[in-house]
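Trainee: pasting a predicted model and its sequence here:
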Amino acid sequence: MEFVGHTLRNNLFVAPMAGVTDRPFRQLCKQLGAGLAVSEMVTSNSLLYGSKKTQRRANHEGEADPISVQIAGADPAMMAEAARYNVSRGAQIIDINMGCPAKKICNVMAGSALLRDEPLVQRILEAVVQAVPDTPVTLKIRTGWDAENRNALAILKIAQAAGIRALTIHGRTRCQQYTGEAEYDTIRAVKAAATIPIIANGDITSPEKAKLVLDYTGADGVMVGRAAQGRPWIFREIEHYLKTGQTLPAPEVREIHRILLAHLDDLYSFYGVEAGVRIARKHISWYTRGLVGSAHFRHHMNQLPTLEMQQQAVNDFFFSLADQGERLQYAPEAGEIPASEAAPRNLAA
């Protein structure tokens, strides 16, 4: 796919997720089939540039091109400076966050809260585009603030006039947070009016759902978020399905074990052992979600304080699975449905 001056492997994007899409996760998703992975958002507050967290989020060492960095904020001048700062540190694409629904972001009028102030949206977009004239700037939004105020079409017009090169739309309003189901009619309408690439986001949980959304909306690509947590191979599954119409077999237990161990090693190295062990817990929980015996395993694993104990617990769990069969067999726990088995929604509804 040709995307804002870069040639991508395909039209599959990893969503920027705070606390998730760090460098180890982005690299892993790219290795397993994603065309582009957008970093977790970096604050536009210049006072925080020196913080350890911000420095880590801006670390792209060894990461495959292109490097896309998402920035968030509500002040045009600070957003412009944040764009320049990240480009100076290797960013090849600047993505602007106007889609995050989190209260701590919206309370400072950033993220999706900006959708309520279209003149401010225009000033921010113009400031950032002008600040980095040689770097493509993209934008991520939601469909609007609430069901009565879906203004994605208006934002599209502002974005195109400001020089934004691509637009990603999550098919929910800010008020929906992550509840209910994503809708794709708004994305379809925006795509029909757009002269820039449109990326569809929201509830892309399977290869079949990805194709349905692409066909229904006409979008140029799809962005996968929560469904990739603990299942980064979803990108190769979607890629294969879009190319062949065939579904790949479920991953073998030994392969998932190998992928998880490599991911853990990267986390330990990236964050340091103490923080790495703590951060690894959520990833291990995601990888094992829905597997036989995983609830007991997760409870036990989350109490383990050392790297060695954590790795041993992971090895013991996956060796026990391997003894039961070569491929993963999902056994959903109460109220838990694996993303791979989520039924596609009737898109015409």
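Mentor: Alright, I've got the coordinates.
Trainee: so what's the residue count around L242?
Mentor: By other C-beta atoms under 10 Å, 16 other residues sit near L242. Bear in mind the C-beta positions are built from the backbone N, C-alpha and C, glycine included.
Trainee: quick one: residues contacting it.
Mentor: N10, P207, A210, K211, L214 (C-beta atoms under 8 Å, 6 or more residues apart in numbering).
Trainee: likewise for A37?
Mentor: A37 sits next to F13, V14, T21, F25, R26, Q27, C29, K30, S68 when contact means C-beta under 8 Å, 6+ apart.
Trainee: can I get these in CSV with secondary structure and distance to A189?
Mentor: Conversion of the contacts of A37 to CSV gives the following (DSSP: H, G, I helix; E, B strand; the rest coil; distance: C-beta to C-beta, whole Å):
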residue, secondary structure, distance to A189
F13, strand, 21
V14, strand, 25
T21, coil, 28
F25, helix, 32
R26, helix, 31
Q27, helix, 35
C29, helix, 29
K30, helix, 31
S68, strand, 26
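Trainee: which one among those gets closest to F318?
Mentor: Comparing the contacts of A37 against F318 with C-beta to C-beta places F25 closest, at 19.6 Å.
Trainee: quick one: least confident helix or strand in this protein?
Mentor: For the chain, counting by mean pLDDT, DSSP states H and E, helix 103-106 ranks last in confidence among helices and strands (a mean of 49).
Trainee: can you name the element that comes right after that helix?
Mentor: Tracing the chain past helix 103-106, the next element assigned as helix or strand by DSSP states H and E is helix 118-131.
Trainee: now the two most distant members of the contacts of A37.
Mentor: Longest distance between any two of the contacts of A37 is 14.9 Å, between F13 and Q27; criterion C-beta to C-beta.
Trainee: more crowded one of the two?
Mentor: Neighbours per residue, other C-beta under 10 Å: of F13 and Q27, the larger number sits with F13, 29 against 20.
Trainee: so that one makes contact with V38?
Mentor: Yes - applying C-beta atoms under 8 Å, one finds F13 in contact with V38, separated by 6.7 Å.
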